[in-house]
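[1] Give the three-dimensional model of this entry:
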Amino acid sequence: MNFRTADVAGLRLFYREAGDPSKPTIVLLHGFPTSSHQFSDLIPRLADRFHVIAPDYPGMGYSDAPAPTVLRPTFDDVAKAIDAFIAQFAPGPLILYLHDIGGPIGMRNATAYPERIAGLIFQNFTISVEGWNPERLKVYERLGGPETPEKLAETEQFATVERDMFLHKKGARQPDALNPDNWAIDAYAFSIAANRVFMSRLFMNLTTNIQYYSEWTAYLNDRKPKTLIVWGRNDPLIVPAAAEFVKQVLPAAELRYYDGGHFVLDEYVEAIADAITETFSR
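    Numbers count the residues shown, from 1 in each chain. Reported below is the predicted structural model:
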């Protein structure tokens, strides 16, 4: 695996890369509040058959946090930055791995450039309101809208080691056996004030994605991309109804549940790597 940085649209982005660029490309889009490190065990398991590339979003992981005058902390603007990254380093055709907030970032790119997309991998990401844990959605809706100092202070608690540990451990099959590097590495980004604020403001923008759900559903229905759904059944944030909705829209999609949580790769990386290889190497 190679560890690199790139200047993209005036931003300094960190990314991980492995495999032969002449082979089919998979772009791995990570969740919140983590980074491309969540794929560190998956990448080498795919690199013999695929070109694999995983960026850290602006303000997350090892990427720099831009000032709002350079890049607004919104999903629309972050998706444009990742689109510029993809155009530069993985112009397609490509397979998009969509996890958590990587889902709305990737789906913006997929709908804007459908000719680039050779396939999709859904992991604990929803394109339906019913896919949310309703209690969590109420919190995200309350924190959205115009920013206030109180909202920002509350949202910054989502970009902490404690929150990260909760998301890795809740619903995991053996939470006490997880590798603590999963959240210890994320702590680096949390320790930088500009990163923490950028992440928090992006998180406050989360519910703006709901307005695009019907568009993304129509894209799946019309384009019918080859799709694999890998799902941690015990996710405290996004419920299995989200996976079932995608399966309903795309009956040909492969759906595989695992006895894990939001970060199901922590415990099932071998099985998920095999599922990806089986689905997209045929």
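[2] what's near enough to touch the residue nearest to the spatial centre of the chain?
    In the chain, the residue lying closest to the centroid (Cα atoms, centre = their mean) is Gly102, at 2.6 Å. The contact partners of Gly102, by Cβ atoms under 8 Å, 6 or more residues apart in numbering, come to Leu28, Leu29, His30, Gly31, Phe125. Backbone N, C-alpha and C define where each C-beta goes, glycine included.
[3] gap between the last one and Met107?
    Relative to Met107, Phe125 is positioned 9 Å away (Cβ to Cβ, to the nearest Å).
[4] Common neighbours of the two, please.
    Leu98.
[5] quick one on the thing from earlier: need the phi and psi values for the residue nearest to the centre of the chain.
    Dihedral pair for Gly102: phi -60, psi -20, per degrees, to the nearest 10.
[6] List the strands paired with the helix or strand where Val27 lies, with their directions.
    Element membership for Val27, per DSSP states H and E: strand 25-29. Here strand 25-29 is paired, per DSSP bridges, with strand 51-55 (parallel), strand 94-99 (parallel).
[7] ok, residues contacting that strand?
    For strand 25-29, the surrounding residues in contact (Cβ under 8 Å, 6+ apart) are 36, 39, 42-43, 46, 50-55, 82, 86, 90, 92-99, 102-103, 105-106, 121, 276, 280.
[8] Okay, helices next: where are they in the stretch 51-200 of the chain?
    75-89, 102-112, 134-143, 149-155, 161-169, 181-184, 186-190, 193-204 (DSSP state H, counting those that start in this stretch).
[9] Just send those helices back as a markdown table, with distance to Gly261 and mean pLDDT too.
    Listed next are the helices of the stretch 51-200 of the chain as a markdown table, based on distance: least, Cβ to Cβ, whole Å; pLDDT from 0 to 100:
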| stretch | distance to Gly261 | mean pLDDT |
| --- | --- | --- |
| helix 75-89 | 23 | 96 |
| helix 102-112 | 17 | 97 |
| helix 134-143 | 13 | 96 |
| helix 149-155 | 22 | 95 |
| helix 161-169 | 7 | 96 |
| helix 181-184 | 12 | 94 |
| helix 186-190 | 16 | 94 |
| helix 193-204 | 19 | 95 |
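[10] Next, the contact list for Ala65, please.
    Pro58, Gly59, Ile192, Ala194, Asn195, Val197, Phe198.
[11] Quick one: buried ones out of those?
    Pro58, Gly59, Asn195, Val197, Phe198 (16 or more other Cβ atoms under 10 Å).
[12] distance of the last one from Phe32?
    Taking Cβ to Cβ as the measure, Phe198 falls 12 Å from Phe32.
[13] The third one too?
    In this structure, Asn195 and Phe32 are separated by 12 Å, where distance is defined by Cβ to Cβ.
[14] And for the second one?
    Going from Gly59 to Phe32 by Cβ to Cβ gives 11 Å.
[15] intersection of neighbour lists for these two?
    In contact with both Gly59 and Phe32: Met199, Leu202, using Cβ under 8 Å, 6+ apart.
[16] and the nearest residue to Asn2 once chain neighbours are set aside, what pLDDT?
    Nearest residue to Asn2, sequence neighbours excluded (Cβ to Cβ, 6 or more residues apart in numbering): Glu17, at 4.9 Å. On pLDDT, Glu17 comes in at 98.
[17] For Glu17, which three-state class applies?
    Secondary structure for Glu17, judged by DSSP: H, G, I helix; E, B strand; the rest coil, is strand.
[18] what sits opposite it in the beta ladder?
    Asn2, Ile53.
[19] Could you check stretch 240-249 and say which residues are buried?
    Buried, per 16+ other Cβ under 10 Å, within stretch 240-249: Pro240, Ala242, Ala243, Glu244, Phe245, Val246, Lys247, Val249.
[20] So for it, mean pLDDT?
    pLDDT averaged over stretch 240-249 gives 98.
[21] neighbouring contacts of it?
    Applying Cβ under 8 Å, 6+ apart, the contact partners of stretch 240-249 are 122, 124-128, 130-132, 217, 220-221, 227, 229, 231, 233, 253, 255, 257.
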